[in-house]
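[1] Here is a sequence with its predicted model. Questions after.
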Amino acid sequence: MKKISTMVISALIACLLLPLSALADGHEEPGGLSDVWLMKIKDGMEEEFVAAAKEHMAMRAAKGDSRKWEGYRSVIGDHVNLIQFRACCYDWAELDGYDKESMEKGFDEHWGENVGQYVDHYHHYLETMDWENSHWPDDERTAGPYYGVTSWTYKMGGGSATGDAMKEMSRIAKEVGWGDDNEWLWHSRIGGKPMLMIVNSNASYAEMAPPEKSFFEVVSEHLGSAENAQGLFDMFNSGLAGSSYTIWMADDALTDPRED
């Protein structure tokens, strides 16, 4: 498999650690799981899907859904115009209770009768949120509306070096003050290919432009040399087999209409 270059990792992390206002520090750590559904709309069924999904979200709200589902569309990446619904943040025990709630309140039945006919196929994942090594508000939805997500695929038998390097990178970012004006959220996928992901939120495409000083340069200064930084980035790379970058846009029409 093709090795990810240190330059690519540096550029990706630098692009992801970009300014965002209104961060929350010192909050109680939420649950560590997000429930995520990805789906592709059938060709030519966009308007029908949106209308049906909007009605479905209103139905969930009226029934008092204990979760608040957020809707997103992929706008840049390998597969554009995918739909993502996600709800955060829970523990494992909550999953059992929510399955029961969905059945009792007819959520799945209503979706199947009204929305499912417009969906080509689905993917369903859980994601574990690494709050300790992230700098993020109280929940997943920040100001947005754009969310850049870099996903790395783990190598089989890659060991713990990548995770150790990720923790060190996050520690350095916080120590040098990146956390004062920036946010990032590390999370891992459960289901499908094992993946490590990092996400940030932006108000516009302009905010996604690389900063004047790359994260690699920041780490180099903090560790005393580019060679030391290179070693850390190589350590991060050692357990990874490939990466991809996707920008998602929040879609209010597909989001639970209840106010926070």
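    On my side now, so go ahead.

[2] now stretch 252-260: mean pLDDT?
    The pLDDT scores in stretch 252-260 average 91.

[3] tell me the SS of residue 186?
    strand (DSSP: H, G, I helix; E, B strand; the rest coil).

[4] doesn't residue 196 make contact with it?
    Yes. If you go by CB atoms under 8 Å, residue 186 and residue 196 touch, sitting 7.2 Å apart. For glycine as for every other residue, the C-beta is placed from the backbone atoms N, C-alpha and C.

[5] Now for the two: what residues contact both?
    residue 166 (CB atoms under 8 Å, 6 or more residues apart in numbering).

[6] which SSE is the residue most central in space within the chain in?
    The chain has residue 199 as the residue nearest its centroid, 4.9 Å off, counting by CA atoms, centre = their mean. When secondary structure is defined by DSSP states H and E, residue 199 falls within strand 195-202.

[7] tell me what that strand is packed against?
    Helices and strands touching strand 195-202, by 3 or more CB pairs under 8 Å, 6 or more residues apart in numbering; DSSP states H and E, are helix 6-16, strand 146-154, strand 184-190.

[8] Kindly recompute the last result at 10 Å.
    The helices and strands touching strand 195-202, judged by 3 or more CB pairs under 10 Å, 6 or more residues apart in numbering; DSSP states H and E, are helix 6-16, strand 119-135, strand 146-154, helix 161-175, strand 184-190, strand 240-250.

[9] now it against strand 146-154, angle please.
    Angle, strand 195-202 to strand 146-154, by axes from the mean of the first three to the mean of the last three CA atoms, to 10 degrees: 170 degrees.

[10] in the following helix or strand past strand 195-202, what counts as buried?
    Under the assignment DSSP H and E, the closest C-terminal helix or strand after strand 195-202 is helix 215-223. For helix 215-223, the neighbour count (16 or more other CB atoms under 10 Å) marks 215, 216, 218, 219, 220, 223 as buried.

[11] residues in contact with the last one?
    Going back to what we said before, that points to residue 223. Neighbouring residues of residue 223 by CB atoms under 10 Å, 6 or more residues apart in numbering: 168, 172, 229, 230, 231, 232.

[12] And the helix or strand hosting residue 234, what's buried?
    Following DSSP H and E, one finds residue 234 within helix 226-237. Of all the residues in helix 226-237, those buried under the rule 16+ other CB under 10 Å are 229, 230, 232, 233, 235, 236, 237.

[13] so what does that helix touch, helix or strand wise?
    If you count contacts as 3+ CB pairs under 10 Å, 6+ apart, helix 226-237 packs onto helix 6-16, helix 161-175, helix 215-223.

[14] follow-up on the earlier one: mind putting the contacts of residue 223 in a markdown table, distance to residue 118 and pLDDT included?
    Formatted as a markdown table, these follow (distance: CB to CB, whole Å; pLDDT from 0 to 100):
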| residue | distance to residue 118 | pLDDT |
| --- | --- | --- |
| 168 | 46 | 97 |
| 172 | 46 | 96 |
| 229 | 49 | 97 |
| 230 | 49 | 97 |
| 231 | 50 | 98 |
| 232 | 47 | 98 |
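
[15] before we move on, back to that, closest to residue 100 out of the buried residues of helix 215-223?
    residue 215 (44.4 Å; CB to CB).

[16] While we're on that closest one, how confident is the model there?
    At residue 215, the pLDDT recorded in the model is 89.

[17] measure it to residue 202 for me?
    16 Å (CB to CB, to the nearest Å).
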